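> got a predicted structure plus its sequence, pasted below:
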Amino acid sequence: MSKHVLAAAVAALAVGALALSPVAMARQNHHGDTLLMHRVQAERGMHLPARGMTKAAVIKQYGQPLRKLAPRGGDTPRHPVIYRWEYSKYIVYFEHDHVIHSVLNTPAGNNRHPKTAG
């Protein structure tokens, strides 16, 4: 293989890698990525219920939820029942009696109860 052919192949690979870089992909999906980054930054700045907390500990520290949404899952042993508690700015997800995740309500409302999403 000549030096010129090899150089052209390396250049083509570099351009392809750049096209798939996080920066290039962020430019393609800038709006969604920006919203996600803002949401993650906001979650870091808030004191949300932590993974592993019990339901009783969440109530003691954060008070009663605005509403306890209908549980989901439980159809098989591999899909345990997930409980969701809605607070004014976030939703807490529980597996059995323990927090597995807390997330902010998004401006689009896509993680809110369907009856309240607007």
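All right, it came through fine.
> any regions of this protein where pLDDT drops low?
In the predicted model, the chain carries pLDDT under 70 at residues 1-45, 107-118.
> partner strands of the helix or strand where residue 85 lies and their direction?
For residue 85, the host element (DSSP states H and E) is strand 82-86. Partners of strand 82-86 in the sheet, by DSSP bridges, are strand 67-72 (antiparallel), strand 90-95 (antiparallel).
> outside of the last one itself, which residues are in contact with it?
If I follow you right, that is strand 90-95. With Cβ atoms under 8 Å, 6 or more residues apart in numbering as the test, strand 90-95 has contacts from 46, 48-49, 55, 58, 65, 69, 80-85, 99-105, 111-112. Using the backbone N, CA and C atoms, a C-beta is placed for each residue, glycine as well.
> in strands, which of those appear?
Among the contacts of strand 90-95, the residues falling in strands (DSSP state E) are 69, 82, 83, 84, 85, 99, 100, 101, 102, 103, 104.
> re earlier: so which of the strands paired with strand 82-86 is the most surrounded?
strand 90-95 (a mean of 20; mean count of other Cβ atoms under 10 Å).
> got the angle between it and strand 98-104?
Angle, strand 90-95 to strand 98-104, by axes from the mean of the first three to the mean of the last three Cα atoms, to 10 degrees: 160 degrees.
> can I get strand 90-95 in PDB, CA atoms only?
Presented in PDB, the C-alpha positions along strand 90-95 are these (Å, rounded to 0.1, in the frame of the first residue of the first chain):
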ATOM      1  CA  TYR A  90     -39.800  15.600  41.500                       C
ATOM      2  CA  ILE A  91     -40.900  12.000  41.400                       C
ATOM      3  CA  VAL A  92     -39.500   9.300  43.700                       C
ATOM      4  CA  TYR A  93     -39.300   5.700  42.400                       C
ATOM      5  CA  PHE A  94     -39.300   2.800  44.900                       C
ATOM      6  CA  GLU A  95     -38.600  -0.900  44.400                       C
END
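> for residue 86, give its distance to residue 76.
26 Å (Cβ to Cβ, to the nearest Å).
> look at these two and report which has more neighbours.
Ranked by neighbour count (other Cβ atoms under 10 Å), residue 86 and residue 76 place residue 86 first, with 18 against 7.
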